[in-house]
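Chemist: Compute the structure for the input listed below.
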Amino acid sequence: MRGRFALFVAFFATAVMCAQNAGFGLAFGWALLHAGPLAVIVFWPLAIGLATLWGAFWYLSRNHHRYAVVLFTGLAVAIPLLYEVLLPATPLKTWRSESAIKAADVRNVRDEVLLSAKGNPIGVRVTYEVMFPRTVVANVNLGLWRVQGEVRPYLQSTEFGRRSETIDPQPSSSDIYSVFEGKRLYKFTVARMPGFLEYDEKTHQPCLRLQPYSDMSEGELVSAIRKKGRDKYRMEISMTSDVLPVAIYHGGSVTSREYDLEEMFQTIVTEGHQQCRP
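Modeler: Coordinates of the predicted model:
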């Protein structure tokens, strides 16, 4: 086997394989804290690949096979390709996922008041459509942020946190993520309610949810709600995937109208003034 060319192929394939397994470095750090020396087991895919590659290099270098260079080059290409299929995250997979999410087409973002069965406001309903250029494994989430900025002190009870969501058509699932097919239009319908309000869809009954492990009274909560006042909200759609370490944001549009948390609190008062059960 021609030494220089085969050696170049071997080192190049080694560099590619190490880059493909770089993500296991973070797993190694976590495993080292919990499993000690046994943490090295996270590198077994890389160890097997390198042993196969360099074992073949050693064997073919000592056996004057007619097609040694061709065989070794084929093996050096096959192992990285196999990694792309078997490994959960590689630089190529990360790049493809990131580019697909950045190129996602988000359109027709609309908002309206979410009403109880009696026609009183209990939150915000937002609908929007998303199309990806190719199939991607991802999560899509809607964030609502006050245009005028947050009112201090921060209270989870006065944020739009409680939510329900439907996606049409319903994507298939992959672990905690969804699999969105490329060139297919998905319609999201998201209902958001403030943290202090819960709504039972079966009994159509709203109730007041005070923060657990907090000594805040109902009067103090009402005072915090009034400080918020009426405001429009910025709607940001964030997307994450199984191989991306950070979220990618789309949109940034503003709601078509102002929303008043005090009106939503009054819905609880006028429809029974009940506190939620623990």
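
Chemist: so what's S238 up against?
Modeler: 140-143, 247-250 (C-beta atoms under 8 Å, 6 or more residues apart in numbering). Every C-beta, even on glycine, is put in place using the N, C-alpha and C of the backbone.

Chemist: should've said I248
Modeler: 98, 101-102, 238-240.

Chemist: could you pull out the helices for this structure?
Modeler: Counting by DSSP state H, the chain has helices at residues 3-20, 24-35, 44-62, 68-86, 91-102, 218-228, 261-270.

Chemist: picking up where we left off before, looking at the contacts of I248, state which has the most neighbours.
Modeler: The most neighbours of any of the contacts of I248, using other C-beta atoms under 10 Å, belong to M239, which has 24 neighbours.

Chemist: Before we move on, what's the pLDDT of that residue?
Modeler: We note a pLDDT of 95 for M239 in this prediction.

Chemist: Mind listing what's buried along stretch 4-16?
Modeler: Within stretch 4-16, the residues that count as buried by 16 or more other C-beta atoms under 10 Å are 6, 9-10, 13-14, 16.

Chemist: Averaged pLDDT, it. What do you get?
Modeler: Mean predicted confidence for stretch 4-16 is 86.

Chemist: Which of the contacts of S238 are buried, as a ChimeraX select command?
Modeler: Remark: buried members of the contacts of S238, expressed as a ChimeraX selection using 16+ other C-beta under 10 Å:
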select :140,142,248,250
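
Chemist: Low-confidence bits of the stretch 151-278 of the chain, can you list those?
Modeler: Along the stretch 151-278 of the chain, the parts satisfying pLDDT under 70 run over 151-154, 213-214.

Chemist: show me where it has strands.
Modeler: 160-168, 172-174, 177-180, 185-194, 197-200, 205-208, 230-231, 233-241, 248-254, 259-260 (DSSP state E, counting those that start in this stretch).

Chemist: out of the ones you listed, nearest to V106?
Modeler: Proximity to V106 (C-beta to C-beta) singles out strand 248-254 among those, at 4.5 Å.

Chemist: what angle separates that closest one from strand 233-241?
Modeler: 170 degrees (axes from the mean of the first three to the mean of the last three C-alpha atoms, to 10 degrees).

Chemist: Listing partners with orientation, what would you give for strand 248-254?
Modeler: strand 233-241 (antiparallel) (DSSP bridges).

Chemist: give me the number of residues near K187?
Modeler: A total of 13 residues lie near K187 under the criterion other C-beta under 10 Å.

Chemist: Would you point out the most distant pair within the contacts of I248?
Modeler: E98 and S238 (13.5 Å).

Chemist: For the spatially closest residue to G143 that is not a sequence neighbour, name its beta-bridge partners.
Modeler: Among residues not flanking G143 along the chain, E236 sits closest, at 4.5 Å (C-beta to C-beta, 6 or more residues apart in numbering). E236 has these beta-bridge partners by DSSP bridges: G143, G251.

Chemist: What distance do you get for E236 to E262?
Modeler: As judged by C-beta to C-beta, to the nearest Å, E236 and E262 stand 24 Å apart.

Chemist: So the two - more neighbours on which side?
Modeler: The neighbour comparison of E236 against E262 (other C-beta under 10 Å) goes to E236, with 16 against 13.

Chemist: Map the structural domains onto the sequence of this protein.
Modeler: Annotated domains of the chain cover 3-87, 98-270 [automatic domain parsing].

Chemist: most packed of these?
Modeler: domain 98-270 (a mean of 16; mean count of other C-beta atoms under 10 Å).

Chemist: First-to-last residue distance for it?
Modeler: 48 Å (C-alpha to C-alpha, to the nearest Å).

Chemist: before we move on, what about stretch 121-141?
Modeler: OK, stretch 121-141 end separation, C-alpha to C-alpha: 23 Å.

Chemist: Also stretch 256-264?
Modeler: 18 Å.

Chemist: So what touches it?
Modeler: 110-111, 113, 121-124, 158, 193-194, 197, 222, 225-226, 228-233.

Chemist: Now do the contacts for L50.
Modeler: 14, 17.

Chemist: now swap in the one 3 residues further on and tell me
Modeler: Taking C-beta under 8 Å, 6+ apart as the criterion, L53 is in contact with 10, 13-14, 17, 75-76, 79.

Chemist: Tell me the one among those residues nearest to G272.
Modeler: Checking the contacts of L53 against G272 by C-beta to C-beta gives M17 as the nearest, at 64.0 Å.
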